[in-house]
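K.L.:
Here's my sequence, what's the structure:
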Amino acid sequence: MNGRDRIEAHIHYAAAFIGGIFGMYAILTRFMFGSAETMNMLSLVGDLLGRDFPDFLARLGALLIFSSGVALSVIITDNRPDWRNMVAFSADAAAVIALAFMPEDMNSIIALYPVFLATSMQWCLVKGPYGYAISSVFSTNNLRQFITGIVRKMQGKDDGKVSRVHAFGITLLSFHAGAAAAYIAVMLMQMEGIWIALVPIAVAFALSFRVLRCKE
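P.N.:
As a prediction, this is how the structure comes out:
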C-alpha cells in the first residue's frame, strides 16, 4: 500500500461523507431517499397501476436522469479515466447549488433530480478504497461486507492487504457522519442546510487534484 492508495482511500471516504449528506438531506426535506433508485422504480410501477400519472412522469424523469448519470460515467471512465473524481465532485457541487434554490413547495421527486444525477455519477466514478467495490452512496451492501469481514477476521481468513473491516467500516462511519452533519445543518438552516456539503466536496476536490497531478 503506497501513498497514492491512501489518498484515494481518503477521497472515497470524503465521497461517502457527501453521500450521507445527500441521503439525509433528501429524507428530511423531501421525505424520500434520493439515491434509492430501486424504490423509485417500484414506485414507478405503483404509480402506473394506480393511475397517478403526474407522479409516474416525475419518477420516470428521475429514472432517466439516474440512467443518464450512469451512461455519462461509462463514457468518462472509458475516455478520461484520470478525471473521474473531478467530474463526480463537480456534479456534486452543481447538485448542491441546484438544491439550495429549489422551492420548498415543489414536487418532491422533481426537487431531487440533482441528487439522482449526482449520486449516480459518484457511485460509478469514485473507486472504492484498496481495491474493494464499496459504494459511497448506499449502505446496505457495505454493512453486509463489514459483517462478513468481522466473521472472516475471527476465523483468521482476512488476508487482504487492508482489512475488509477497516475499509468498509470507515466508509460506514463516514457515510453516517455525513448524515449526522446534514441533520444538524437542516435543523439549523432548513432547506439551505445543503450548503454544508460544499466543505467535504472542497476536500475531495483538493485530494483528487493531488492524485491527478501525480499521474500527469
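
K.L.:
Against Asn79, how distant is Ile21?
P.N.:
Applying Cβ to Cβ, to the nearest Å, the value for Ile21 to Asn79 is 29 Å. Every residue, glycine included, has its C-beta placed from N, CA and C.

K.L.:
pull the CA atoms of the lowest-mean-pLDDT helix or strand in the chain into CSV?
P.N.:
Ranked by mean pLDDT, DSSP states H and E, the weakest helix or strand in the chain is helix 37-49, scoring a mean of 85. Extracted C-alpha coordinates of helix 37-49, given in CSV (Å, rounded to 0.1, in the frame of the first residue of the first chain):
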residue,chain,number,x,y,z
GLU,A,37,-33.4,4.1,-7.5
THR,A,38,-34.9,0.7,-6.6
MET,A,39,-37.6,2.4,-4.5
ASN,A,40,-38.1,4.9,-7.3
MET,A,41,-38.7,2.1,-9.9
LEU,A,42,-41.0,0.2,-7.6
SER,A,43,-43.0,3.4,-7.0
LEU,A,44,-43.0,3.9,-10.8
VAL,A,45,-44.9,0.7,-11.2
GLY,A,46,-47.3,1.6,-8.3
ASP,A,47,-48.0,5.0,-9.8
LEU,A,48,-48.7,3.5,-13.2
LEU,A,49,-51.1,0.8,-11.9
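
K.L.:
that older thread, have a look at Ile21 and Asn79 and say which one is more surrounded.
P.N.:
The neighbour count for Ile21 versus Asn79, taken as other Cβ atoms under 10 Å, is higher for Ile21 (30 against 8).

K.L.:
mind listing what's buried in the least confident helix or strand of the chain?
P.N.:
37, 40, 43-44, 47 (16 or more other Cβ atoms under 10 Å).

K.L.:
Now distance to Val137 too, for the residues you listed, in JSON lines please.
P.N.:
Below are the buried residues of helix 37-49 laid out as JSON lines (distance: Cβ to Cβ, whole Å):
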{"residue": "Glu37", "distance to Val137": "10"}
{"residue": "Asn40", "distance to Val137": "14"}
{"residue": "Ser43", "distance to Val137": "18"}
{"residue": "Leu44", "distance to Val137": "20"}
{"residue": "Asp47", "distance to Val137": "24"}
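
K.L.:
farthest-separated two in these?
P.N.:
The span of those, defined through Cβ to Cβ, is set by Glu37 and Asp47 at 14.9 Å.

K.L.:
Could you give the number of residues near Phe101?
P.N.:
Using other Cβ under 10 Å, Phe101 is surrounded by 9 other residues.

K.L.:
Against Phe56, how distant is it?
P.N.:
To Phe56, Phe101 is 26 Å away according to Cβ to Cβ.

K.L.:
go on, Val70?
P.N.:
Distance, Val70 to Phe56, by Cβ to Cβ: 21 Å.
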